[in-house]
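> Provided below are the primary sequence and the corresponding predicted coordinates.
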Amino acid sequence: MSPPDRAEEFVFLLARHERLLGAYVMTMVPHPQDADDILQEAKVVMWRNFAKFETGTNFGAWARKVAFHQVLAYRKRKHRDRLDFSEDFLRTVSEEVEQSAERLEQREKVLHECVAKLPADHRDALHLRYQEGLSLEDMASRLERTVGALYRLLSRVRHVLHECVTKNLHNSENEAV
């Protein structure tokens with residue numbers, strides 16, 4: 001993969017995982033400003049070491065590991081703080097977040113599979129509402145439907161997606177056992 005493609009891959013993966021990575025760091029650091037600083041440092045370290053990241057493996061897990069080490073480095077620098085968590089506590093939190101992240105990633109994957117099974121007009125309505133952020137009124141005008149009809153459609157689609165995700169997650173849990 002050429003360097004520009006690799007840079008694009010890094011930006012794409014980081015953008016996809018940034019919100020959860022920020023929440024992860026916030027669970028281990030008492031002050032939001034410190035968490036922001038640690039997150040920025042972690043991003044720099046990730047970029048510098050991205051050549052070591054193996055494409056196709058779990059970027060989220062790799063990024064959390066980098067962030068965890070940045071939290072430990074922060075703790076060493078800021079040892080004077082009174083509100084300081086033990087390293088054992090941080091490791092426990094890290095493990096809990098890792099398990100939660102894996103469940104969220106699985107849910108997201110199943111949700112995308114369920115959305116792909118929807119009829120095109122239902123996918124279009126979801127796209128307009130949740131990706132473009134259109135109001136029901138704007139959607140009604142664009143799709144030439146009533147607000148009430150769109151409200152009912154989106155309600156049915158959300159219900160179908162909930163059922164699909166629940167069923168597929170249940171099936172995958174049973175297969176794992």
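Everything's here; your move.

> from here on, contacts and neighbour counts on C-alpha atoms
OK.

> per-domain residue ranges of the chain.
If you go by automatic domain parsing, the domain ranges for the chain are 1-101, 118-177.

> rank those domains by pLDDT, which is bottom?
Among the domains of the chain, domain 1-101 carries the lowest mean pLDDT, at a mean of 84.

> that older thread, now the domains of the chain in TSV, please, with extra columns for distance to Val110 and mean neighbour count.
What follows is the domains of the chain, written out as TSV (distance: least, CA to CA, whole Å; neighbours: other CA atoms under 10 Å):
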stretch	distance to Val110	mean neighbour count
domain 1-101	14	15
domain 118-177	6	14
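
> okay if I get those as a markdown table plus distance to Arg107?
Conversion of the domains of the chain to a markdown table gives the following (distance: least, CA to CA, whole Å):
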| stretch | distance to Arg107 |
| --- | --- |
| domain 1-101 | 10 |
| domain 118-177 | 7 |
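
> Indicate which one of the ones you listed is closest to Glu108.
Of all the domains of the chain, it is domain 118-177 that lies closest to Glu108, at 9.0 Å by CA to CA.

> chain center to the closest one, what's the gap?
Centre-to-centre, domain 118-177 and its host chain are 20 Å apart (CA atoms, centre = their mean, to the nearest Å).

> Three-state assignment for Val25, please.
Under DSSP: H, G, I helix; E, B strand; the rest coil, Val25 falls in the helix class.

> got the contact list for it?
Neighbour list for Val25: 35, 38-39, 67-68, 71 [criterion: CA atoms under 8 Å, 6 or more residues apart in numbering].

> next one: Ala35
22, 25-26, 29.

> So which of those is the closest to Thr166?
Closest approach to Thr166 among these (CA to CA): Gly22, at 27.2 Å.

> For the closest one, give its distance to Arg75.
In this view, Gly22 and Arg75 are 17 Å apart by CA to CA, to the nearest Å.

> And Asn49, by the same measure?
For Asn49, the distance to Arg75 equals 22 Å [CA to CA].

> Now do the helix or strand containing Phe68: which elements does it pack against?
Using DSSP states H and E, Phe68 sits in helix 59-77. Applying 3 or more CA pairs under 8 Å, 6 or more residues apart in numbering; DSSP states H and E, one finds that helix 59-77 makes contact with helix 3-26, helix 32-48, helix 87-117.
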